[in-house]
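[1] The following comprises the amino acid sequence and a computationally predicted model.
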Amino acid sequence: VLSKNLHDSHLISSYMNHMDPSVIVFFTLKDTGETTPVYFFKRDPYIYPQALPREEVDSIPFSLKQLPYLFQFFSFSDDSPLAKAMEGTLNHCDRRPNSKF
């Protein structure tokens, strides 16, 4: 389990290495339910990609079975940090839930 957790944290850190630090927001569990203003800088729409319309997002098959299609759809090479992060996220989402009760 430890090696799996280290692998997951490596995927997350390599995925976040390319992210703009000005748009990363962190909070702790004790902050939930509190109101905290978060300010984002205005971006140049010609440099940064726009959000996809809801209809297009709903049509994207986010699942491990569709991973090769997703890499092609988003133009990720199989060994890129984004592809590894996507695979790690989908692995996490496909896990069986833990029963706490």
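    Right, received. Where do you want to start?
[2] The helix or strand of the chain with the lowest mean pLDDT: what's the following helix or strand?
    Ranked by mean pLDDT, DSSP states H and E, the helix or strand of the chain with the weakest confidence is helix 2-16, at a mean of 50. Toward the C-terminal end, the helix or strand that comes next after helix 2-16 (DSSP states H and E) is helix 54-59.
[3] mean confidence for that next one?
    Helix 54-59 comes out with an average pLDDT of 91.
[4] Show me which residues of the helix or strand containing residue 92 are buried.
    Residue 92 belongs to helix 81-94 when assigned by DSSP H and E. Counting neighbours by 16 or more other Cβ atoms under 10 Å, one finds that the buried residues in helix 81-94 are 81, 83, 84, 85, 86, 87, 88, 90. Placement of C-beta: from N, CA and C, glycine included.
[5] who touches the last one in this structure?
    Under the criterion of Cβ atoms under 8 Å, 6 or more residues apart in numbering, the contact partners of residue 90 comprise 62, 63, 64, 67.
[6] Looking at the buried residues of helix 81-94, which one is closest to residue 71?
    Using Cβ to Cβ, residue 83 comes nearest to residue 71 of the buried residues of helix 81-94, at 5.4 Å.
[7] can you tell me which residues contact the closest one?
    Here residue 83 is in contact with 71, 76, 77 (Cβ under 8 Å, 6+ apart).
[8] Please name the nearest non-neighbouring residue to the second one.
    Here the nearest residue to residue 76 in space, its sequence neighbours aside, is residue 83; by Cβ to Cβ, 6 or more residues apart in numbering that works out to 4.1 Å.
[9] just the first one next, same as before
    Of all residues beyond its chain neighbours, the one nearest residue 71 is residue 83 (5.4 Å), with distances taken as Cβ to Cβ, 6+ apart.
[10] Low-confidence regions, this protein specifically.
    Counting by pLDDT under 70, the ranges of the chain that qualify are 1-27, 36, 38-40, 43, 45, 48-49, 101.
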